[in-house]
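Undergrad: Test case, fold it:
(3 chains)
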Amino acid sequence: MPIEFKELSYVYDEGMPFAHHALNKIDLAIEEGIVTAIVGKTGSGKSTMIEHLNALLLPSEGSLKILDHTIIAKEKNTNLKALRQKVGLVFQFSEYQLFEETIIKDVSFGPKNFGASEEEAVLKAKEALKLVGLDESYYERSPLNLSGGQKRRVAIAGILAMDPSIIVLDEPTAGLDPKGASEMMSIFKTLNKDYQKTIILVTHDNELVYDFADEVVLLDGGEVKAKLKCEDFFSDQTLIDTYKIVLPKIVALRNMLKEKGFKGLDEVRDIEELVERVVDFE
Amino acid sequence: MNKIVFGKYLPLNSPIHHLDPRAKILAMLVMLVAVFMPAGWYGYIVIAIILSIVTMIAKIKFSYIYRSFKPMMMMVIFLLIINILSFKEGVLLLDLGFLTVYSNALFQTFYIAVRLILMIMITTLLTFTTKPLDLTLGIEYVLGPFTRFGLPTHEIAMIISIALRFIPTIIEETMRIMNSQKSRGVDFEEGKLKEKVMAIVSLIVPLFSVAFQRADELANAMEARGYVPGEERTRYKQLKYTKNDFILLAGSFLVLAMVIVLAFVI
Amino acid sequence: MDIISVKDLSFSYGDGIKVLDGVSLTIEEGSYTTIIGHNGSGKSTLAKLMAGLLMIKEGEIRIFDLKLDLNNINKIRQSLGIVFQNPDNQFIGSTVRDDIAFGLENHRVDPGKMDEIIDRFAHIVHMEEFLDKEPNNLSGGQKQRVAIAGVLAMGPKVIIFDEATSMLDPQGKEEIKQVIYDLHKNEKMTIISITHDIEEALNSDHVIVLEKGKKVLDGDAFSVLSNFKMLKAIGLDIPFTFKVSEAFKNKGIDIKKCKDLEGLVEAICQLNLKN
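TA: Residues are numbered from 1 along each chain as shown, chains lettered A, B, ... in the order given. The predicted model follows:
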């Protein structure tokens, strides 16, 4: 288990009259090497949760184990910087973090902060840029003059260059066009499948969750309401009704066909396969 | 970020909150002039009592006023050091050989500190009880007479109100960029000078680039909704003087008169 | 009647690259038009040109049969409003009330009449309970609804939505889509929506596809979105229900294209009865 939340709570403005419990006694274990999606409404605590993974926020109560670090509330926690190298956090609209004159400098900024030599950092930057599909012709260009989608890739390369073993993605496709979004997601699929990175995906887009996640964690009001395998999550009718979960279209269609008496459609994810089964059934 | 109270508006419901911003701004100016009069301790006591009464009418907790003094503590300490080094009159209080402390140094510091406190109290009372937009509207009216000398009062007021509107947004943005850069290993608290400079650059550049983008989009939105700088507009918010405003103005002039009498006549 | 006609419109920013290249199109009064295409296809530039926020260099735009130029711009702006992508960057006032009033002030509306107008349009976008709220206490969807009310208060006949839902969460997206739908249906507004949402396009009357500054498809939603060959060639999405119909077709079964899942399921069931 690379990540374990134990009775973790986080209170904003503790001790103030407008104190607010953003996370309430979270118990959660996230497994290694898989894609875990964290879903929930705006304000359900998703952002607060992922900022803990990177020690940007420290728990008010409880504890958190990540890889070989343990962060305990109200205790002095050291070596947070080392943790940040192992957990790469890609913020929403991550392109806003770009600031260097050239792309190669910006991407090698992270590794250098974590103590890599200039040569090492550039080498890592080049690898990372290759991963996100930007070739040598981009190295010396300014990151600020790219299109939105390309900027986002540079920003993500900047995180990948640190070689984190856990990658946290906050709405990675927000603001991209559908083509840009699917290219972006295929980068993360490669990272998970070929590089065995543990991926945590925070998103509102259930199509993305269904397409990409192995496990789904549902947050509501700062509490974990469910942690299920992706397929089980989208078949749990009580959960869907209680939290008004929008079903991925293929699941919705499957359910409607099932109601009409079609059988053998369970766990079919692909339109072609679904059609084939429907035709066979007839 | 919630710790900074100076310049903030406290949304309470009190007679002071309902006063006309123009009257409040004028009263503030009059009171500031009063504080600058060399009226001696009695004058300051009178002003302090009156301000305390206004604070109570405005339903503002004294702890809030007290918190707004904190940022100037450093200034007072600095002042104290200067005064200790320069004032060598009065009773000798402390003699360390290389350093001597006279009573006048403490007295002078205290005197200036009291003035500062009163000034801050007056200005925070204004900002605590007046919505930023009302404040800009008030400033616009108070500056109105200067328009004929070429002062673009309306534009100034528009700039101030937009700046006020975007402060929370930009604070939020700063936090977000700081977090992104922290995740990339930037340490904003510690590090060598070179690293610190880099940390600041990594914050400032994105902040500016986003701010320019915002400004551009905002300008488009304003233009699309028919805003033309310099052109005449009507104002939704209409200011109206009420009886209380005249009481406030009369009161503040009365205080000024009293202080002048204390300072120059008696 | 055509409310907007664009003829041979080309545009380039400073760098000389043509963002729009000889685009001609017409928008019918009372229609709901969606303009789709990748980021960088020229959609937003087209919107800004129509709203008079960029100077036309080549070609022309006529709105209500008035040629859009510097002389007419103020007149045209009264009949055409635009809602932008970022909810934060178009909230000008310090409260909802003040923001809706902003455009009225610019049009020198009598202050005594403003409250009534503000109330009316806040009601249309369902923000009447939030009139005294400040922008940082509102959700993205709420801020965007205020932006719409601010535009509506100026009495336009046409509203352009420039990716107005793309920065919102699913709830916000639904809110705004519903408001747009109601404006079209109940207020008989002409709507031009620039969007990536292919399902929204499917439910509009008229779809225009831009690619690299050129208009590549233009027609009613059904026919444009049925042109899979073109849509796939430029890498655009295809509505889900159409994808399913297409998959059936590949199996040699003809199934009619449907706008929604209900229709699709019904069509599949009818298939069942025939066999």
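Undergrad: Now do the end-to-end distance for stretch C:122-139.
TA: Its first and final residues considered, stretch C:122-139 spans 16 Å by CA to CA, to the nearest Å.
Undergrad: Apologies, that question was intended for stretch C:70-84.
TA: End-to-end distance for stretch C:70-84: 22 Å, by CA to CA.
Undergrad: where does the residue in the stretch 101-250 of chain B positioned nearest to chain A fall, phi/psi-wise?
TA: For the stretch 101-250 of chain B and chain A, the shortest gap (CB to the nearest CB) falls at B:Gly185, measuring 2.9 Å. Quick note: C-beta positions are derived from backbone N, CA and C, even for glycine. Backbone torsions of B:Gly185, given as degrees, to the nearest 10, read phi 90, psi 10.
Undergrad: Number of residues surrounding it?
TA: 19 (other CB atoms under 10 Å in any protein chain shown).
Undergrad: residues in contact with it?
TA: By CB atoms under 8 Å, 6 or more residues apart in numbering or on different chains, the contact set of B:Gly185 is A:Lys81, A:Arg84, A:Gln85, A:Gly110, A:Asn113, A:Phe114, A:Met162.
Undergrad: measure it to A:Arg84 for me?
TA: To A:Arg84, B:Gly185 is 6 Å away according to CB to CB, to the nearest Å.
Undergrad: Ok, B:Leu96 next?
TA: 48 Å.
Undergrad: These two: which has the busier surroundings?
TA: Comparing B:Leu96 with A:Arg84 by other CB under 10 Å, the one with more neighbours is A:Arg84, at 25 against 7.
Undergrad: What's the per-residue pLDDT of the more buried one here?
TA: Per-residue confidence at A:Arg84 stands at 93 (pLDDT).
Undergrad: tell me the contacts of it?
TA: By CB under 8 Å, 6+ apart, the contact list for A:Arg84 reads A:Asn54, A:Ala55, A:Phe114, B:Lys182, B:Ser183, B:Arg184, B:Gly185.
Undergrad: what residues does the stretch 1-150 of chain A put near chain C?
TA: Taking CB under 8 Å from any CB of the partner chain as the contact definition, the stretch 1-150 of chain A meets chain C at A:Lys41, A:Thr42, A:Ser147, A:Gly148, A:Gly149.
Undergrad: so what's the third one up against?
TA: Right, A:Ser147. Counting by CB under 8 Å, 6+ apart, A:Ser147 touches C:Asn39, C:Gly40.
Undergrad: The residue nearest to A:Gly45 when sequence neighbours are not counted and B:Met28, how far apart?
TA: Excluding its sequence neighbours, the residue lying closest to A:Gly45 (CB to CB, 6 or more residues apart in numbering or on different chains) is A:Gly222, at 4.1 Å. As judged by CB to CB, A:Gly222 and B:Met28 stand 43 Å apart.
Undergrad: Might you report the residue contacts of B:Asp187?
TA: By CB under 8 Å, 6+ apart, the neighbours of B:Asp187 are A:Lys81, A:Asn113, B:Glu195, B:Ala199.
Undergrad: and of those, the nearest to chain C?
TA: B:Ala199 (26.0 Å).
Undergrad: so what's the backbone phi/psi at the residue nearest to A:Gly45?
TA: Backbone torsions for A:Gly222, taken as degrees, to the nearest 10, come to phi 80, psi 10.
Undergrad: Which of the three states applies to B:Met158?
TA: Secondary structure for B:Met158, judged by DSSP: H, G, I helix; E, B strand; the rest coil, is helix.
Undergrad: now the strands for the chain?
TA: Picked chain A for this. Taking DSSP state E as the criterion, chain A carries its strands at A:3-12, A:20-30, A:35-39, A:61-66, A:69-72, A:87-90, A:166-170, A:198-202, A:215-220, A:223-229.
Undergrad: hm, I was asking about chain C
TA: Under DSSP E, chain C gives strands at C:2-12, C:18-28, C:32-36, C:58-63, C:66-67, C:80-83, C:158-162, C:190-194, C:206-211, C:214-220.
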